[in-house]
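>>> What shape does this take:
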Amino acid sequence: MKKESTPQKSLIDAVKGKVIIGFLLACIALFTAWGVSKGAFNEILSTVDNISSPNEKLRLVNDLSLRIANLDQSQKRKAYNAPGNYSRFFTESKLLRLKLDTLNRLYANDTVQLARFQSIEKLLAARDKQFLDYLKVREGMVNNKAIASQLQRLNELVDQGARLSDTTIVATERTTSTTTLVPVEKERKGFLNKLFGKKRAGEEPGEPQSVTNEQFNVKLDTIALARQDSLTRSLENSLRIIEREQKAKSKRFLDREAELAEANGQLINRMLNILGQVEKQVVEQINQNVRKAQQTVNGSVDRITLIILSFFVLTGILLYFILSDIVRSNRYRRELEKAKEEAEQYGMAKQRFLSNMSHEIRTPLQSIIGFSKLIGEQEKPERRHIEAIHHSSEHLLQIVNEVLDYNRIVSGELTFSEQVFSMPQLLDEVLAAMRPHAEAKSLSLAATYDLHEVEFVKGDPFRLKQVLFNLLGNAVKFTMQGSITLAVSCKTQAEELHFSFSVRDTGIGFDEADSIRIFREFEQVEMPEKSIINQTGTGLGLVISKSIVESLGGRIYARSRPGAGSTFVFYLTYMRAERPAATDEQQVRRFNYPFKVWIADDDALIVDLCSLIFKKHGIAFQAFTSPLAMLEATLTPDVRYILLDIRMPGMSGLELCSHMRQRVAAGVSIFAITAQVLPDERQKVIDQGFDGILTKPFREEELLAMLQGNAAPAEPPVNMIADTPEVRPPDLSRLEKMTFGDARQMSRILHRFVTDTESDLVALSAALRSDDSDKVHGLVHKLAGRTGQIGAGDIAADLREMEAALYAASGLRPGDAPAIEQLADRLLLVVAQIRRMDVYTQAVS
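I've put the predicted structure just below:
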């Protein structure tokens with residue numbers, strides 16, 4: 001036996017994998033934090049370098065401002081040292097323009113600063129022009145040629161006046177007088193003035209002084225004096241002219257100097273303004289760099305914090321999963337230990353089950369073998385021997401069915417039906433079946449019903465019987481004396497009927513602890529009375545009963561005490577229903593079977609059994625003991641059912657079904673006869689193309705129930721179609737699927753249907769006139785199959801029914817011809833409807 005390998009856990013699911021992942025997460029977090037810190041410090045160092053490095057713009061602006069501030073003094077100094085050499089002081093202006101060009105390049109993207117620099121260049125040009133004018137004015141003031149000419153003229157006038165004064169007659173008189181001044185003595189001081197008064201310096205009495213006056217009288221010539229006055233006036237006029245010219249030059253010089261000073265002031269103010277803007281920009285850039293550095297630091301701190309928090313969160317989650325795995329592992333270990341104990345108990349229970357099954361199966365087999373051998377030796381078998389074999393077979397079938405029902409429960413394939421049945425009748429049938437077993441042990445079997453006139457309900461009667469048989473059978477088995485009571489009550493709630501079923505006995509009972517154990521598979525209560533009670537059975541009866549009750553939406557429980565009997569109670573809900581029209585057995589008796597059945601089975605007993613059943617009910621059949629014999633046989637149109645055994649030598653039933661599907665018409669049903677009743681096996685059989693399964697062993701009713709689909713009433717009415725009903729258009733959906741939606745292919749099929757149908761209807765009319773029943777039967781069969789394929793299901797069903805009636809009557813009966821003519825008229829209406837369809841009118845190649 002191949003040992004199944006235990007599936008390996010993935011690395012993530014294992015605890016060691018989670019530990020490794022946690023270590024990797026820690027490494028990733030550390031490396032990530034290191035990378036973030038390194039990047040942040042690099043950005044901070046870059047920002048510090050930017051802040052600490054000298055600003056070229058600011059340096060140029062400062063240098064430019066300094067040179068502009070010293071421009072006036074520098075140019076004046078050079079102009080004074082080298083008057084007339086203008087190129088020397090224009091060198092400073094050229095140097096300033098070069099620095100402005102450098103600033104223009106540095107501020108190439110700043111239009112505002114560029115405009116300021118252009119205005120400075122214009123101011124420099126204007127100032128150079130003003131300074132040039134200033135120098136020219138100053139040169140005019142410094143130049144002495146004009147003054148020298150004016151002074152030369154004045155000298156000439158003075159010389160001319162001197163010559164005139166030499167020719168003037170002058171008479172001079174000198175008069176001298178002397179005057180002597182004697183000082184007067186002041187008033188004497190009083191005693192107090194002398195005592196407290198301050199003596200003034202120089203108050204000594206002065207000496208007498210003499211004053212001498214000399215007076216000169218000059219007499220001039222008047223004519224000469226008049227000439228001298230004219231010369232004086234000319235001299236005064238010249239001086240006034242010189243004064244005016246000097247004042248004008250001074251005024252021009254002052255104006256030029258004022259303009260130059262104003263230009264210098266504007267230039268310096270503009271430069272100071274620009275310097276302030278540049279300094280402001282530089283300071284803003286420094287502040288921005290500082291803010292950027294702060295943001296870098298804060299961002300790095302935030303990122304590192306986020307990394308650390310993420311690491312702790314992930315570590316916490318990982319720790320949670322690790323702890324969960326540890327807790328889960330501990331829980332799994334406990335569950336495994338518990339499962340091991342349960343498995344050991346289950347193994348022992350299974351061993352007991354096999355032992356019981358061996359006894360349970362061998363006992364009825366012993367009866368079957370013994371009584372069958374006894375019957376074989378008797379010329380006239382006794383009925384009781386045959387009944388013993390029958391009862392043993394039924395018991396053996398019940399055991400097998402219990403095992404199969406348990407398998408269906410385990411696989412989830414337990415099915416339920418919805419039927420209308422009589423609850424009182426079902427309960428009476430159960431009691432009638434169990435009463436002989438109770439009487440055989442001298443037990444009293446009683447029943448009390450409280451149904452409130454409820455009779456018919458809708459549900460699954462078979463499953464209810466199964467539960468009641470299990471509970472009553474256990475009650476009979478484990479009760480040595482006393483009585484068994486079945487109590488049923490019902491409560492009505494609208495259309496729902498809530499039933500309570502109770503099975504009470506006076507048997508050996510069991511402990512309260514065993515009330516759960518008895519509902520486990522293969523479990524049976526160990527009793528001291530085992531030696532006197534035939535403790536047989538599969539141990540699955542209560543398991544199946546509990547599963548059925550719970551699947552139907554009910555519940556079941558048990559109450560018991562050792563030696564005081566047991567009570568099993570279960571609750572089920574059914575729907576109220578009306579009385580059905582007829583039972584299935586009555587319908588089976590009223591049906592004939594106007595068709596032929598083929599059966600293939602290598603087991604001669606199965607073939608003989610089916611042959612007896614078919615002969616009993618007048619069903620035409622043909623039996624084959626090998627698949628090759630069926631394949632070589634000629635298939636007739638009246639074959640409607642084919643029964644195939646699954647396991648046959650040479651070819652399996654599955655392969656034979658595939659071959660027969662290629663030969664038979666679409667309306668032929670193929671059923672499998674098999675003992676493979678497990679759910680997966682049944683589904684596999686259905687998937688291979690079978691229409692159903694007849695499970696071995698089968699009863700006569702089960703075989704006949706399969707054949708009722710095409711069975712006809714024993715005495716069909718003569719006028720089965722009294723009135724022609726409304727003809728519905730055929731449903732072409734099936735045909736569309738067959739042709740995969742190909743309109744041209746559908747058109748071809750419809751044209752062929754119309755042509756063949758019209759031809760067959762003409763032949764059918766002629767056959768009716770000639771009373772050729774065989775031909776009529778064949779044409780009705782062809783029309784029924786063709787009409788069903790085209791999608792006219794109503795007419796096809798009526799044609800099938802007519803075909804079955806013709807086959808059962810073995811010929812035409814009175815009234816059949818008008819009914820067939822009505823079917824033909826309806827079929828002509830279908831043909832007319834098809835002719836009007838769009839798909840029919842398409843061109844056919």
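
>>> Low-confidence regions, the stretch 451-600 of the chain specifically.
Residue ranges of the stretch 451-600 of the chain with pLDDT under 70: 513-517, 520-540, 581-593.

>>> Contacts only, for the nearest residue to D603 once chain neighbours are set aside.
Setting aside the residues directly before and after it, D603 is nearest to D645 in space (Cβ to Cβ, 6 or more residues apart in numbering), at 6.9 Å. (Each C-beta comes from the backbone N, C-alpha and C, glycine too.) Going by Cβ atoms under 8 Å, 6 or more residues apart in numbering, D645 touches 600-603, 606, 653, 672-674.

>>> Show me just the buried residues among the residues you listed.
Buried by 16 or more other Cβ atoms under 10 Å: 600-601, 606, 653, 672-674, out of the contacts of D645.

>>> quick one: low-confidence parts of the stretch 651-800 of the chain?
675-681, 708-727, 734-735, 737-741.

>>> helices or strands next to the helix or strand where T315 lies in the packing?
Assigned by DSSP states H and E, T315 belongs to helix 222-377. Contact partners of helix 222-377 among helices and strands, from 3 or more Cβ pairs under 8 Å, 6 or more residues apart in numbering; DSSP states H and E: helix 15-52, helix 56-69, helix 71-81, helix 111-142, helix 145-166, helix 383-411.

>>> Pick out the shakiest of these, pLDDT-wise.
When those are compared on mean pLDDT, helix 145-166 scores lowest, with a mean of 64.

>>> Looking at the contacts of D645, which is nearest L694?
Among these, I673 lies closest to L694 (Cβ to Cβ), at 5.0 Å.

>>> Checking that closest one next. Helix, strand or coil?
Following DSSP: H, G, I helix; E, B strand; the rest coil, the label given to I673 is strand.

>>> Distance to A805 added to the contacts of D645, as TSV?
As requested, these are exported to TSV (distance: Cβ to Cβ, whole Å):
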residue	distance to A805
A600	30
D601	32
D602	37
D603	36
I606	32
G653	33
A672	30
I673	30
T674	34
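
>>> pLDDT score for I268?
I268 carries a pLDDT value of 71.

>>> and it, what is it in contact with?
Shown in contact with I268 (Cβ under 8 Å, 6+ apart): 65, 68-69.

>>> for N109, helix, strand, or coil?
Per three-state DSSP, N109 ends up coil.

>>> Now for it: which residues touch it?
Residues in contact with N109 (Cβ under 8 Å, 6+ apart): none are found.

>>> Against I599, how distant is it?
From N109 over to I599 the distance is 103 Å, taken as Cβ to Cβ, to the nearest Å.

>>> go on, T178?
For T178, the distance to I599 (Cβ to Cβ) stands at 201 Å.

>>> repeat for H385
30 Å.

>>> more neighbours, those two?
Counted by other Cβ atoms under 10 Å, H385 and I599 do not tie: I599 has more neighbours, with 23 against 16.

>>> Assign a three-state SS to that one, would you?
Following three-state DSSP, we place I599 in the strand state.

>>> I figured I304 hits K38, correct?
No - assessed by Cβ atoms under 8 Å, I304 is found out of contact with K38, at 11.4 Å.

>>> Name the residue in these two with the higher neighbour count.
Taking other Cβ under 10 Å, I304 and K38 do not tie; I304 has more neighbours (17 against 11).

>>> gap between the more buried one and L71?
According to Cβ to Cβ, I304 and L71 sit 56 Å apart.

>>> Assign a three-state SS to L812, would you?
Following three-state DSSP, the label given to L812 is coil.

>>> Please give me every residue in contact with the closest residue to it other than its chain neighbours.
Excluding the flanking residues, the one nearest L812 by Cβ to Cβ, 6+ apart is S773, at 4.7 Å. Contacts for S773 were tallied using Cβ under 8 Å, 6+ apart; they are 806, 810-812.

>>> repeat that with 10 Å
Counting by Cβ atoms under 10 Å, 6 or more residues apart in numbering, S773 makes contact with 767, 806, 809-813, 816.

>>> Give me the buried subset of the residues you listed.
Among those, those scoring as buried are 767, 806, 809, 812, 816 (criterion: 16+ other Cβ under 10 Å).

>>> Quick one: mean pLDDT for stretch 433-445?
Stretch 433-445 carries an average pLDDT of 84.

>>> Distance from the chain centre to it, please.
Distance of stretch 433-445 from the chain centroid (Cα atoms, centre = their mean, to the nearest Å) equals 66 Å.

>>> Same check on stretch 639-656?
Stretch 639-656 sits 51 Å away from the centroid of its parent chain (Cα atoms, centre = their mean).

>>> hang on, the earlier thing: okay, the residue nearest to D603: pLDDT?
Looking at D645, its pLDDT is 88.

>>> From V685, how far off is it?
From D645 to V685 the distance is 12 Å (Cβ to Cβ).

>>> Please apply the same query to V327.
47 Å.

>>> Between the two, point out the one with more neighbours.
Higher neighbour count among V327 and V685: V685, with 20 against 10, using other Cβ under 10 Å.

>>> Buried residues, stretch 481-500. List them.
Under the neighbour-count criterion of 16+ other Cβ under 10 Å, stretch 481-500 has 484-488, 490, 497, 499 buried.

>>> for stretch 379-387, same thing?
Neighbour-count burial for stretch 379-387 flags H385 (criterion: 16+ other Cβ under 10 Å).

>>> Kindly check the end-to-end length of it for me.
End-to-end distance of stretch 379-387 (Cα to Cα, to the nearest Å): 17 Å.

>>> How about residues contacting it?
Contacts of stretch 379-387 (Cβ under 10 Å, 6+ apart): 367, 370-372, 374-375, 378, 388-389.

>>> May I ask which two of those are separated the most?
Longest span within the contacts of stretch 379-387, Cβ to Cβ: S367 and Q378, 16.1 Å.

>>> The two: who's more crowded?
A count of neighbours by other Cβ under 10 Å puts S367 above the other of S367 and Q378, at 18 against 9.

>>> isn't there a strand covering G563?
No - applying three-state DSSP, one finds G563 to be coil, outside a strand.

>>> Got the phi and psi for the residue lying closest to it once chain neighbours are set aside?
In this structure, G563 finds its nearest non-sequential neighbour in G509, 5.7 Å apart by Cβ to Cβ, 6+ apart. With angles defined as degrees, to the nearest 10, G509 sits at phi 70, psi -180.

>>> where does G509 sit relative to F371, distance-wise?
36 Å.

>>> Stretch 387-400: how far from the chain's middle?
Distance of stretch 387-400 from the chain centroid (Cα atoms, centre = their mean) equals 59 Å.

>>> how does this protein divide into domains?
Under automatic domain parsing, the residue ranges defining each domain of the chain are 384-576, 584-712, 724-841.

>>> S250 is nearest to which of those?
Among the domains of the chain, domain 724-841 comes nearest to S250, with 118.6 Å by Cβ to Cβ.
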